[in-house]
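sequence? don't have it. structure:
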């Protein structure tokens with residue numbers, strides 16, 4: 001199954017969270033925002049200069065910097081639970 005980092009998605013693409021890398025409080029914050037294994041993430045759009053990027057997770061819009069989105073690994077062929 002192909003995998004990509006969340007930061008590599010283009011507008012209109014989606015994937016399912018495989019894992020959240022990194023350690024510490026920011027990783028915990030990503031998990032609290034709903035970026036847990038099996039959850040579908042849709043890429044909405046990027047800011048004019050390419051950073052940050054807007055995603056839809058469980059019906060909520062979140063914005064992440066590219067460095068933050070690099071911590072999230074997605075499966076591309078799956079559909080996910082939400």
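Done, it's in. Source: prediction; values computed, not measured.

Please spell out which residues along the least confident helix or strand in the chain by mean pLDDT are buried.
None of the helices or strands of the chain scores lower by mean pLDDT, DSSP states H and E than helix 25-32, at a mean of 90. Buried residues in helix 25-32, counted by 16 or more other Cβ atoms under 10 Å: 27, 30. C-betas here are computed from N, CA, C, even on glycine.

starting at the chain centroid, how far to it?
12 Å (Cα atoms, centre = their mean, to the nearest Å).

Which strands or helices does that helix pack on?
Judged by 3 or more Cβ pairs under 8 Å, 6 or more residues apart in numbering; DSSP states H and E, helix 25-32 is in contact with strand 14-20.

helices or strands next to the strand it packs on in the packing?
Strand 14-20 packs on helix 25-32, strand 40-46, strand 72-75, going by 3+ Cβ pairs under 8 Å, 6+ apart.

between these, which one is nearest to residue 66?
strand 40-46 (9.1 Å; Cβ to Cβ).

Please enumerate residues in contact with that closest one?
Residues outside strand 40-46 that contact it (Cβ atoms under 8 Å, 6 or more residues apart in numbering): 6, 9-17, 35, 52-57, 61, 72, 74, 79-82.

average pLDDT for stretch 58-77?
On average, the pLDDT along stretch 58-77 is 92.

Please point out which parts of it sit buried.
Applying 16+ other Cβ under 10 Å to stretch 58-77 flags 62, 64, 68-69, 71-75 as buried.

quick one: pLDDT of residue 17?
95.

The one 4 residues further on now?
Residue 21 carries a pLDDT score of 91 in this model.

Excluding covalently adjacent residues, which one is nearest to it?
Excluding its sequence neighbours, the residue lying closest to residue 21 (Cβ to Cβ, 6 or more residues apart in numbering) is residue 71, at 5.0 Å.

give the contact list for that neighbour.
Contacts of residue 71 by Cβ under 8 Å, 6+ apart are 6, 20-22, 26-27, 30.

what does residue 57 give?
33-35, 39-41, 82.

how about a cut-off of 6 Å?
Residues near residue 57 by Cβ atoms under 6 Å, 6 or more residues apart in numbering: 34, 41.

before we move on, what about residue 56?
42, 44.
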